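> predicted model and sequence follow; I will ask about them next.
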Amino acid sequence: MNRRILVVDDKPNMRRLMGTTLQDLGEVVQAEGGRRAVELLAEMRFHVVVTDIKMPDVDGHEVLRVARKLDRPPEVVLTTAFGSMDSAIEALRDGAFDYVRKPFDPDQLREVVQRAFAKHAPRIVTPEGAAWHGIVGRSPPILDVIRLVEKVAPTEATVLILGESGTGKELLARAIHDISARRTRPFVAVNCAAIPGSLMEAELFGHARGAFTGAAAQRAGLFEEAHGGTLFLDEIGEMRRALQAKLTRALEARAVRRVGESHERPVDVRVVAATHRDLPSLVAQGAFREDLFYRLNTCVVRVPALRERIDELPVLVEHFLAERSSSNDVTYRVAPDALAALTQHRWPGNVRELKGAIERAAILAENGVIVRADLPAEITGLAPEHVEPPIDPAALTYREALEHVRADGIKRYLEALLARFGGNVVAAAEHADVERESFYRLCRKHGINPGEYRGKP
């Protein structure tokens, strides 16, 4: 479906001006007042509504309330005269996306509507929840990254992806491979920080038989495994300087020499590297080779941190919950207090941290509703005082156990409950004050078989 904008104003000249300003952003439908807007919202689906606040029949606040009640609500942008600023701010609290003062600047109106589309777009662009090769979001920073990747991917250029941990650098590396001419060939990934420096050379370039203790047979390295495809060097900033010289040589010669051999083997590999480190600073400190930096620095893709696109957090949350819903047939939603806590968090671990927090919260959620108490303490800022389990942990409900038992003690709590009720899951779940299905999921998560406790005292 094409993007559709509803323009609402009781003044014909204003409607026409807004329609002309926004016509190249999508299909524009005009309503001569709030009452007609409410009718159109019931008949058609819109992605953005631009409405005046003060109208004689039905005002902009009512249009906003009607829009927010829809199953797939549009983003609502308000237009207001200077004297109605308090009313506009009140509407923002009620869920409006933004407001524009009258007389409006056409460029400003377009910019606000484009941002509204960007926030709404992950719900409307593709049936996969707008996940572009696994990247969820349509904010301007993410769209800039996607456009750059789409230009770079078809080339043979080396790509350097920069960004904080957890921002999705490997997803982008895979996207570069998947939309390149090499997509039918291997994609090989290696984390340079995860392999000891003494083994990294053999891992990348391979080794001959007997090259070192334990080398009982010759082995091809990752460069050769990726022949014809893409080699992803994650956390390249952690590579030892001594090995950097050999990597530079391999990139320049397009050939590798296995450890213990004297001849080179040609390889056809495209290299995509990534790091969260400041490589120019490492170069200045002598910790990273300047020639390798310039070899990798051909095309640079900078991935924004989650806090730089925090407006998209609700879309990411919705995406992760939809994934979980599809696997266990539970429909989840996030309570306002929980969403507020998620939005206020700084997210040093970025999208990876968010996904982990949502998965944890979904496990704890009662009836699929995630509340603030279901979120990790480092997000809510309400760190509970963890103590050792009480003498009788089976006397606690599950929520009480979460407050008083260490994370690694939850398994013992569940085992104590099952032992107390002789493996009767219905009774144990009732005592824990959780649904029976939730209790089974917790048991599966912690590797517990309730049947082993049946008939035991």
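Received the coordinates, thanks. Keep in mind that what you see is a predicted model, and the values were worked out from it rather than measured.
> show me where pLDDT drops low in this protein?
Confidence mapping of the chain against pLDDT under 70 gives the ranges 1-2, 82-86, 88, 118-130, 327, 382-395, 398-408, 455-457.
> what's the domain layout of it?
The record's domain split for the chain, according to automatic domain parsing, is 4-123, 135-302, 306-380, 393-453.
> in a markdown table: those domains, plus mean neighbour count.
The C-beta positions use only the backbone N, C-alpha and C, and glycine is treated the same way. Shown next, in a markdown table, are the domains of the chain (neighbours: other C-beta atoms under 10 Å):
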| stretch | mean neighbour count |
| --- | --- |
| domain 4-123 | 18 |
| domain 135-302 | 18 |
| domain 306-380 | 17 |
| domain 393-453 | 17 |
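> the closest residue to A31 other than its chain neighbours and R65, how far apart?
Counting by C-beta to C-beta, 6 or more residues apart in numbering, A37 is the residue found nearest to A31 once chain neighbours are left out, at 4.1 Å. Distance, A37 to R65, using C-beta to C-beta, to the nearest Å: 12 Å.
> now G381
Distance from G381 to R65, by C-beta to C-beta: 32 Å.
> residues contacting the residue nearest the centre of the chain?
Closest residue to the average C-alpha location of the chain: V351 at 4.0 Å, with C-alpha atoms, centre = their mean. With contacts defined as C-beta atoms under 8 Å, 6 or more residues apart in numbering, the neighbours of V351 are G166, T167, G168, L306, L316.
> quickly name whichever of the residues you listed is closest to F117.
L316 (17.3 Å; C-beta to C-beta).
> just the element for the closest one, please.
helix 313-328 (DSSP states H and E).
> now do the helices in the stretch 201-350 of the chain.
Here the stretch 201-350 of the chain has its helices, by DSSP state H, counting those that start in this stretch, at 222-225, 241-253, 279-285, 290-296, 313-328, 336-344, 350-364.
> returning to what we had before: so the residue nearest to A31 touches V29, yeah?
No. If you go by C-beta atoms under 8 Å, A37 and V29 don't touch, sitting 9.5 Å apart.
> what residues are shared contacts of the two?
Contacts common to A37 and V29, judged by C-beta under 8 Å, 6+ apart, are L6.
> in the stretch 1-150 of the chain, mark out all the helices, start to finish.
Using DSSP H, counting those that start in this stretch, helices in the stretch 1-150 of the chain cover 12-22, 34-43, 60-68, 85-93, 106-120, 140-152.
> what's the first one in contact with?
Looking back up the chat, that one is helix 12-22. For helix 12-22, contacts defined as C-beta under 8 Å, 6+ apart pick out 5, 7-9, 28, 30, 32, 50, 52, 79, 102, 104, 106, 109-110, 113.
> go again with 7 Å.
The contact list for helix 12-22, computed with C-beta atoms under 7 Å, 6 or more residues apart in numbering, reads I5, V7, D9, V28, Q30, V50, P106, L109, R110, V113.
> and if you look at the longest one?
Residues from elsewhere that reach helix 106-120 (C-beta under 7 Å, 6+ apart): 3, 5, 18, 21-22, 25, 47-48, 50, 74-75, 77, 97-98, 100, 138-140, 311-312.
> now with 8 Å, please.
3, 5, 18, 21-22, 25-26, 47-48, 50, 74-75, 77, 97-98, 100, 138-140, 143, 311-312, 315.
> show me where the stretch 301-450 of the chain has its strands.
333-334, 369-370 (DSSP state E, counting those that start in this stretch).
> list the helices and strands the first one packs on?
With contacts defined as 3 or more C-beta pairs under 8 Å, 6 or more residues apart in numbering; DSSP states H and E, strand 333-334 has these neighbours: helix 313-328, strand 369-370.
> include distance to I179 when you put these into JSON lines, please.
Shown next, in JSON lines, are the helices and strands packed on strand 333-334 (distance: least, C-beta to C-beta, whole Å):
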{"stretch": "helix 313-328", "distance to I179": "21"}
{"stretch": "strand 369-370", "distance to I179": "35"}
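> send me the helix holding L316 as CSV with only the CA atoms.
C-alpha atoms of helix 313-328 as CSV (Å, rounded to 0.1, in the frame of the first residue of the first chain):
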residue,chain,number,x,y,z
LEU,A,313,12.4,1.7,20.2
PRO,A,314,8.7,0.8,20.3
VAL,A,315,9.0,-0.6,16.8
LEU,A,316,12.0,-2.8,17.8
VAL,A,317,10.1,-4.0,20.9
GLU,A,318,7.1,-4.8,18.8
HIS,A,319,9.3,-6.8,16.4
PHE,A,320,11.0,-8.8,19.1
LEU,A,321,7.7,-9.6,20.8
ALA,A,322,6.2,-10.6,17.4
GLU,A,323,9.1,-13.1,16.9
ARG,A,324,8.4,-14.5,20.4
SER,A,325,4.7,-14.7,19.8
SER,A,326,5.1,-16.7,16.6
SER,A,327,7.1,-19.3,18.5
ASN,A,328,4.8,-19.8,21.5
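> by contact count, what packs against that helix?
strand 135-136, strand 333-334, helix 336-344, helix 350-364.
> try 6 Å
helix 350-364 (3 or more C-beta pairs under 6 Å, 6 or more residues apart in numbering; DSSP states H and E).
> and the helix it packs on with helix 336-344, angle?
On the basis of axes from the mean of the first three to the mean of the last three C-alpha atoms, to 10 degrees, helix 350-364 is oriented at 160 degrees to helix 336-344.
> CA atoms only: put helix 350-364 into CSV for me.
Extracted C-alpha coordinates of helix 350-364, given in CSV (Å, rounded to 0.1, in the frame of the first residue of the first chain):
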residue,chain,number,x,y,z
ASN,A,350,22.2,-1.2,22.0
VAL,A,351,19.8,-3.4,20.1
ARG,A,352,21.4,-6.6,21.4
GLU,A,353,20.8,-5.4,25.0
LEU,A,354,17.2,-4.5,24.1
LYS,A,355,16.5,-7.9,22.6
GLY,A,356,17.8,-9.7,25.7
ALA,A,357,15.7,-7.4,28.0
ILE,A,358,12.6,-8.1,26.0
GLU,A,359,13.1,-11.8,25.9
ARG,A,360,13.6,-11.9,29.7
ALA,A,361,10.5,-9.7,30.3
ALA,A,362,8.4,-11.9,28.1
ILE,A,363,9.3,-14.9,30.2
LEU,A,364,8.2,-13.1,33.4
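> so that helix versus helix 313-328, what angle?
Using the same axes, to 10 degrees: helix 350-364 against helix 313-328 is 50 degrees.
> what's the separation between L17 and D105?
L17 is 12 Å from D105, by C-beta to C-beta.
> for G260, which of the strands of the stretch 301-450 of the chain is the nearest?
Closest among these, using C-beta to C-beta: strand 369-370, at 55.3 Å.
> other residues contacting that closest one?
R333, V334, A335, A338, A361 (C-beta atoms under 6 Å, 6 or more residues apart in numbering).
> which one of those residues is nearest R441?
A361 (13.4 Å).
> so who does the closest residue to the closest one other than its chain neighbours touch?
For A361, ignoring the flanking residues on the chain, the nearest one in space by C-beta to C-beta, 6+ apart is D374 at 4.1 Å. Going by C-beta under 6 Å, 6+ apart, D374 touches A361, L364, A365.
> what does L25 give?
For L25, the contacting residues are V113, by C-beta under 6 Å, 6+ apart.
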